[in-house]
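Engineer: my questions are about this predicted structure, shown below with the sequence.
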Amino acid sequence: MSRIGRKPIPVPASVEVKVDNGVVTVKGSKGTLTQEIHPLMTVTVDDGAVNVARPDDLKESRSLHGLTRSLIANMIEGVTNGFKKELEVNGVGYRVQKQGNDLVMNLGYSHQVIVSEIPGITIEAPSANIIIISGPDKQLVGQFAAEVRKKRPPEPYKGKGIKYAAEVVRRKEGKTGGKGKL
């Protein structure tokens, strides 16, 4: 049995979970999320908990068991507390600011890089070098944060660029500057 898959998922009182024809819908204070479940998995909701069961011990069933349970648990977590990713912008002259629903970034290019909010995602720029991306969908928040980071990933010599707050950039030593032999 999958150790993760067999654990029941507790459902808070403020969250409503429905299972209908292979689609799980979770509704809470932060929004509503839906997820299509693989036909092999059986999802049941009873006495404040969600249980996921699998039909057999085939490799595909075992791997889907834990995945399905994790997806549903993340949906419940997302509609109650939400998820957030924090990004840091490092570099001389590199800064970000929020203008309406757009994030305007000066990243050392000859032009400004503008990223717009998408439905389900909220962008905040509390200071000139911090970006906070939040929303109820864990996958969407992570994907959007990765796309923002991709605009100028951190480089290894001076560490300039956009990095996750907890990310450690491995630094390289630059050229030694000595004269070469002729």
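Structural biologist: It's in.

Engineer: who touches stretch 143-161?
Structural biologist: With C-beta atoms under 8 Å, 6 or more residues apart in numbering as the contact definition, stretch 143-161 has outside contacts at 85, 87, 89-92, 94, 103, 105, 107-109, 113, 115, 118, 121, 131, 133, 135, 162-164, 167, 169-172, 174. Any C-beta I mention is one placed from the backbone N, CA and C, and that applies to glycine too.

Engineer: list only buried entries from the residues you listed.
Structural biologist: Burial by neighbour count, 16 or more other C-beta atoms under 10 Å: within the contacts of stretch 143-161 this picks out 85, 87, 89-91, 94, 103, 105, 107, 113, 115, 121, 131, 133, 135, 162-163, 169.

Engineer: can you pull the pLDDT of the closest residue to residue 31 other than its chain neighbours?
Structural biologist: Take residue 31 and drop its neighbours on the chain: the residue closest to it by C-beta to C-beta, 6 or more residues apart in numbering is residue 136, 4.6 Å away. Per-residue confidence (pLDDT) for residue 136: 95.

Engineer: quick check: residue 136 vs residue 150, distance?
Structural biologist: Spatial separation of residue 136 from residue 150 under the definition C-beta to C-beta, to the nearest Å is 23 Å.

Engineer: so these two - more neighbours on which side?
Structural biologist: residue 136 (25 against 9; other C-beta atoms under 10 Å).

Engineer: residues in contact with the more buried one?
Structural biologist: When contacts are taken as C-beta under 8 Å, 6+ apart, residue 136 is in contact with 28, 30, 31, 33, 78, 79, 82, 83, 120.

Engineer: could you do residue 41 as well?
Structural biologist: Contacts of residue 41 were listed using C-beta under 8 Å, 6+ apart, and they are 52, 53, 54, 64, 65, 68.

Engineer: how close does the residue nearest to residue 31 sit to residue 94?
Structural biologist: Residue 136 is 30 Å from residue 94, by C-beta to C-beta.

Engineer: quick check: mean pLDDT of the lengthiest helix in the chain?
Structural biologist: Longest helix in the chain by number of residues, with DSSP state H as the criterion: helix 59-80. In this model, helix 59-80 has an average pLDDT of 93.

Engineer: show me the residue sitting in the middle of the protein in space.
Structural biologist: Within the chain, the residue whose C-alpha comes closest to the C-alpha centroid is residue 142; the distance, by C-alpha atoms, centre = their mean, is 2.3 Å.

Engineer: perfect, that will be all.
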